[in-house]
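S.K.: Structure of the sequence below:
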Amino acid sequence: MDVKNKNALVIGMGRSGIAAAEVLLSLGAYVSVYDGKPSGEMEPHLIQYFMSRKATCYFGAEPADVSGYHFAVVSPGVPLSNNLIKRILAENVELIGEVEFAYRIGKGNYAAITGTNGKTTTTVLTGEIFKQAGRPTEVVGNVGLAVVKKAIRATDETWLITEISSFQLETTRHFHPHISALLNITPDHLDRHLSLENYAKAKALIYRNQDENDYFVVNLDDEECWKLTEACRAKVVPFSRTRELDFGAFVKDGSIVIRDEKGILHPICKASELGIPGVHNLENALAAATIAFFAGIDTNTIRTAMEGFHGVAHRLEFVNEIRGVRFVNDSKGTNTDASIKAIEAVEAPIILIAGGYDKGSTFEPLINAFDGKVKALVLLGRTAPRIKEEAEKLGFTNIIMAKNMEECVRESFRIAKSGDTVLLSPACASWDMYSNFEQRGDHFKSCVNDLEK
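M.R.: Now for the predicted structure:
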């Protein structure tokens with residue numbers, strides 16, 4: 001994709017939008033940048049950077065005419081129902097996302113990982129395996145590092161282990177990973193996708209351009225995932241936590257094993273020796289091992305990397321133990337299914353801190369999953385009243401309403417006894433009170449550590 005002297009519009013000044021704009025400028029494109037925030041709410045150094053590079057800035061106001069752009073790059077946080085995007089599409093200006101842009105201008109081999117939950121853990125673990133194998137490896141995408149930043153410097157030998165969301169997949173066109181993986185599908189982002197069917201269709205875009213020379217790694221235990229294999233042209237490689245397979249990855253006699261296309265069984269490691277807890281992380285490990293195996297990495301390397309991997313920040317992250325009370329940060333639990341998995345992975349009794357931005361999901365499955373393990377519920381954020389109402393309807397009444405994270409942590413510690421675990425797993429996004437789940441998790445950790453002062 002030759003972008004030199006082309007007119008490009010970048011929509012949304014989040015992490016990926018800024019990265020796309022920077023790369024476009026470095027490649028000699030004429031760049032315009034847009035964000036719905038007025039200039040007074042933008043970072044001053046960002047405005048200074050774009051002005052110094054002679055980019056045209058539209059902050060808080062849309063360009064009057066969009067017909068002159070050769071293409072537009074949209075950030076994943078900007079919905080396709082946005083008015084500016086509608087105008088661009090009406091002018092037949094090509095609209096792509098940052099992942100698609102990265103794929104077109106860069107080199108490298110892609111292993112792309114999607115799913116409702118577990119994407120980051122699986123992506124980082126897969127990256128660790130590839131690095132341990134000595135492969136030139138970059139861990140990119142929704143995990144926090146824009147793909148385009150590394151793709152522009154990649155070689156034919158580089159592996160880009162890419163966490164990719166449904167929002168990012170919506171704006172791909174030619175993106176073609178050699179190995180793709182779908183971990184699970186549960187209701188999420190229904191405020192944007194409107195239905196589970198639409199959400200699943202967006203996830204299925206991960207294999208759209210794959211063929212019989214590629215691999216699609218998929219969770220056989222997840223009915224919604226398995227439905228999507230019917231339209232896949234790549235070689236489907238299932239993984240299962242619950243059954244033995246003629247082909248794929250599964251658990252046999254307490255160990256992760258992979259059966260290859262010839263029916264030969266390859267032991268990987270004991271499930272009990274994984275460095276990450278919980279049955280959901282066993283599924284993540286199955287997926288990572290499968291990706292690595294079909295990329296040609298030997299089983300000894302896979303085993304060593306998996307046994308030495310101890311997780312990612314904000315995902316069942318142990319924070320501190322104060323007077324016998326454990327504090328665990330699972331701020332990445334941004335939907336009910338993720339928080340249910342966290343509850344399953346943590347020993348009772350649990351004091352659960354939940355609540356946040358409303359993505360349109362019901363919280364009844366979360367309350368039903370308490371199953372005697374959750375002794376108290378401490379709520380904050382926009383969804384707090386609705387979670388309280390749904391919990392009380394189901395007979396759970398030990399609820400504390402808090403104004404902020406400081407109060408959540410103080411009240412949780414006040415009612416906790418030695419042996420309890422205070423678990424932050426909000427079952428909601430963070431956007432009502434924080435910029436992202438990382439900021440929320442860091443604030444939780446800071447509040448916990450302040451208890452000792």
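S.K.: CA only for contacts and neighbour counts going forward, please
M.R.: Fine.
S.K.: Contacts only, for the spatially closest residue to Ser272 that is not a sequence neighbour.
M.R.: Nearest residue to Ser272, sequence neighbours excluded (CA to CA, 6 or more residues apart in numbering): Gly254, at 7.5 Å. By CA atoms under 8 Å, 6 or more residues apart in numbering, Gly254 lies in contact with 270-272.
S.K.: Show me the contact partners of the helix or strand harbouring Leu286.
M.R.: Using DSSP states H and E, Leu286 falls within helix 279-294. Residues outside helix 279-294 that contact it (CA under 8 Å, 6+ apart): 111, 118-119, 121-123, 125-126, 129-130, 179-181, 183, 215, 217-219, 237, 239-241, 248-250, 256, 258, 268, 271, 274, 276, 299, 302, 306, 341, 345.
S.K.: helices and strands around the helix or strand that comes right after that helix, which ones?
M.R.: Per DSSP H and E, the first helix or strand lying C-terminal to helix 279-294 is helix 299-307. Contact partners of helix 299-307 among helices and strands, from 3 or more CA pairs under 8 Å, 6 or more residues apart in numbering; DSSP states H and E: helix 119-132, strand 265-270, helix 279-294.
S.K.: what comes up buried for the next helix or strand after helix 299-307?
M.R.: Using DSSP H and E, the helix or strand that directly follows helix 299-307 along the chain is strand 317-322. Neighbour counts over strand 317-322 (16 or more other CA atoms under 10 Å) mark 317, 319, 321 as buried.
S.K.: for stretch 198-207, same thing?
M.R.: Buried, per 16+ other CA under 10 Å, within stretch 198-207: 199-200, 202-207.
S.K.: Could you identify the most distant pair in the residues you listed?
M.R.: Farthest-apart pair in the buried residues of stretch 198-207 is Tyr199 and Tyr207; separation 14.7 Å (CA to CA).
S.K.: all helices of the stretch 351-453 of the chain, in order?
M.R.: 364-368, 384-393, 405-415, 437-450 (DSSP state H, counting those that start in this stretch).
S.K.: any idea of the mean pLDDT for the first one?
M.R.: Yep, that's helix 364-368 we're talking about. Averaged across helix 364-368, pLDDT comes to 96.
S.K.: Report all helices and strands that it contacts.
M.R.: Where contact means 3+ CA pairs under 8 Å, 6+ apart, helix 364-368 is packed against helix 336-345, helix 384-393.
S.K.: Output it as PDB, restricted to C-alpha atoms.
M.R.: What follows is helix 364-368, C-alpha atoms only, in PDB (Å, rounded to 0.1, in the frame of the first residue of the first chain):
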ATOM      1  CA  GLU A 364     -28.400 -12.400  36.700                       C
ATOM      2  CA  PRO A 365     -25.800 -15.000  35.500                       C
ATOM      3  CA  LEU A 366     -23.200 -13.300  37.700                       C
ATOM      4  CA  ILE A 367     -25.400 -13.400  40.800                       C
ATOM      5  CA  ASN A 368     -26.400 -17.000  40.200                       C
END
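S.K.: what comes into contact with it?
M.R.: 336-337, 339-340, 390-391, 394, 396.
S.K.: Next: the third one.
M.R.: Residues from elsewhere that reach helix 405-415, judged by CA under 8 Å, 6+ apart: 325, 351, 353, 378-380, 400, 402, 422, 443-444, 447-448, 451.
S.K.: out of these, who has the most neighbours?
M.R.: Top of these by neighbour number is Val422, holding 29 neighbours under the definition other CA atoms under 10 Å.
S.K.: Contact partners for Leu228?
M.R.: By CA under 8 Å, 6+ apart, the contact list for Leu228 reads 200, 204.
S.K.: any idea how far Ala202 is from it?
M.R.: 11 Å (CA to CA, to the nearest Å).
S.K.: I'd like the domain boundaries of the chain, if you could list them.
M.R.: 7-98, 106-307, 317-450 (automatic domain parsing).
S.K.: Helix or strand next in line after the helix or strand harbouring Ala249, which one?
M.R.: Element membership for Ala249 (DSSP H and E) is strand 248-252. Next helix or strand after strand 248-252 toward the C-terminus (DSSP H and E): strand 255-259.
S.K.: Relative to that next one, what are the paired strands and their orientations?
M.R.: Strand 255-259 sits in its sheet next to strand 248-252 (antiparallel), strand 265-270 (antiparallel), going by DSSP bridges.
S.K.: looking at this, Thr186 is in a helix?
M.R.: No: with DSSP: H, G, I helix; E, B strand; the rest coil as the criterion, Thr186 is coil rather than part of a helix.
S.K.: Check the contacts of helix 364-368 for the minimum pLDDT and say which it is.
M.R.: Asp337 (88).
S.K.: if I look at Phe101, how far off is His314?
M.R.: Taking CA to CA, one finds Phe101 at 29 Å from His314.
S.K.: mind saving the C-alpha coords of the strand or helix carrying Leu24 as CSV?
M.R.: Element membership for Leu24, per DSSP H and E: helix 15-26. Taking Å, rounded to 0.1, in the frame of the first residue of the first chain, the C-alpha atoms of helix 15-26 are listed here in CSV:
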residue,chain,number,x,y,z
ARG,A,15,-3.7,4.6,21.0
SER,A,16,-4.1,3.0,17.6
GLY,A,17,-5.3,6.2,15.9
ILE,A,18,-2.2,8.2,17.1
ALA,A,19,0.1,5.3,16.0
ALA,A,20,-1.6,5.2,12.5
ALA,A,21,-1.2,8.9,12.1
GLU,A,22,2.4,8.9,13.1
VAL,A,23,3.3,6.1,10.6
LEU,A,24,1.3,7.8,7.8
LEU,A,25,3.2,11.0,8.4
SER,A,26,6.5,9.1,8.4
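S.K.: Paired strands for the next helix or strand after it, with orientation please.
M.R.: The first helix or strand that comes after helix 15-26 along the chain, using DSSP H and E, is strand 30-35. Its sheet considered, strand 30-35 pairs with strand 7-11 (parallel), strand 56-59 (parallel) by DSSP bridges.
S.K.: and those strands, which is most packed in?
M.R.: Greatest average neighbour count among these goes to strand 7-11 (a mean of 25), per mean count of other CA atoms under 10 Å.
S.K.: Point me to the helix or strand that includes Lys150.
M.R.: With DSSP H and E as the criterion, Lys150 is inside helix 147-151.
S.K.: contact partners of that helix?
M.R.: Under CA under 8 Å, 6+ apart, the answer for helix 147-151 is 16, 19-20, 23, 98-99, 101-103, 105-108, 138, 140-141, 160, 162.
S.K.: residues in contact with Lys375?
M.R.: So, once contact is read as CA under 8 Å, 6+ apart, Lys375 ends up touching 349-351, 398.
S.K.: try 6 Å
M.R.: 350-351 (CA atoms under 6 Å, 6 or more residues apart in numbering).
S.K.: Tell me how far it lies from His266.
M.R.: 43 Å.
S.K.: hang on, Ala204 in a strand?
M.R.: No: according to three-state DSSP, Ala204 belongs to no strand; its state is helix.
S.K.: which residues touch it?
M.R.: Here Ala204 is in contact with no residue (CA under 6 Å, 6+ apart).
S.K.: Got phi/psi on Asn329?
M.R.: phi -100, psi 110 (degrees, to the nearest 10).
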